[in-house]
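Q: Quick one, fold the following:
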Amino acid sequence: MMSSRRTSGLKACVKCKLLVPLSVDLCPLCRGTAFSTDWSGCVSIIDPEGSKVAQLLNITKPGRYALRVRRPT
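A: Prediction:
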């Protein structure tokens, strides 16, 4: 069972959905600064070129991504 997103120590970039530690202030992928701790689902992409899932989600870089991200209010 996956841990709760609120206790996972991760937040999701609102722009690209990359999951990063709570201490990060700048997304290393898209350089975005808007993050949310209200996210659900997680997918890890190792080989984006060879992954059908990555293609469906328009992911071009390896990493761990949230499937759904709610914008902070």
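Q: Tell me where this structure is predicted with low confidence.
A: Applying pLDDT under 70 to the chain flags residues 1-7, 73.
Q: measure the residue of it positioned farthest from its centre to residue 61 for me?
A: Here the chain reaches farthest from its C-alpha mean at residue 50, the gap being 19.3 Å by Cα atoms, centre = their mean. Residue 50 sits 14 Å away from residue 61, going by Cβ to Cβ, to the nearest Å. In short, each C-beta sits where N, CA and C put it, glycine included.
Q: got any residues that touch both of those two?
A: Residues touching both residue 50 and residue 61 (Cβ atoms under 8 Å, 6 or more residues apart in numbering): none.
Q: Show me what counts as buried in stretch 61-70.
A: Neighbour-count burial for stretch 61-70 flags 63, 65-66, 69 (criterion: 16 or more other Cβ atoms under 10 Å).
Q: List just the nearest of the residues you listed to residue 38.
A: Taking Cβ to Cβ as the measure, residue 38 lies nearest residue 69 of these, at 7.3 Å.
Q: Show me the contact partners of stretch 17-26.
A: For stretch 17-26, contacts defined as Cβ under 8 Å, 6+ apart pick out 9-13, 27-30, 32-33, 35, 37, 39, 42, 63-67, 69.
Q: Taking those, please make a ChimeraX selection of just the buried ones.
A: In ChimeraX, a selection of the buried entries from the contacts of stretch 17-26 looks like this (16+ other Cβ under 10 Å):
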select :10,11,12,13,27,29,35,39,42,63,65,66,69
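Q: can you give me the strands in this protein?
A: 10-13, 19-21, 35-36, 39-45, 63-69 (DSSP state E).
Q: Tell me which of those sits nearest to residue 55.
A: Per Cβ to Cβ, nearest to residue 55 of the strands of the chain: strand 39-45, 10.1 Å.
Q: Summarise which helices and strands that closest one is packed against.
A: Judged by 3 or more Cβ pairs under 8 Å, 6 or more residues apart in numbering; DSSP states H and E, strand 39-45 is in contact with strand 10-13, helix 52-56, strand 63-69.
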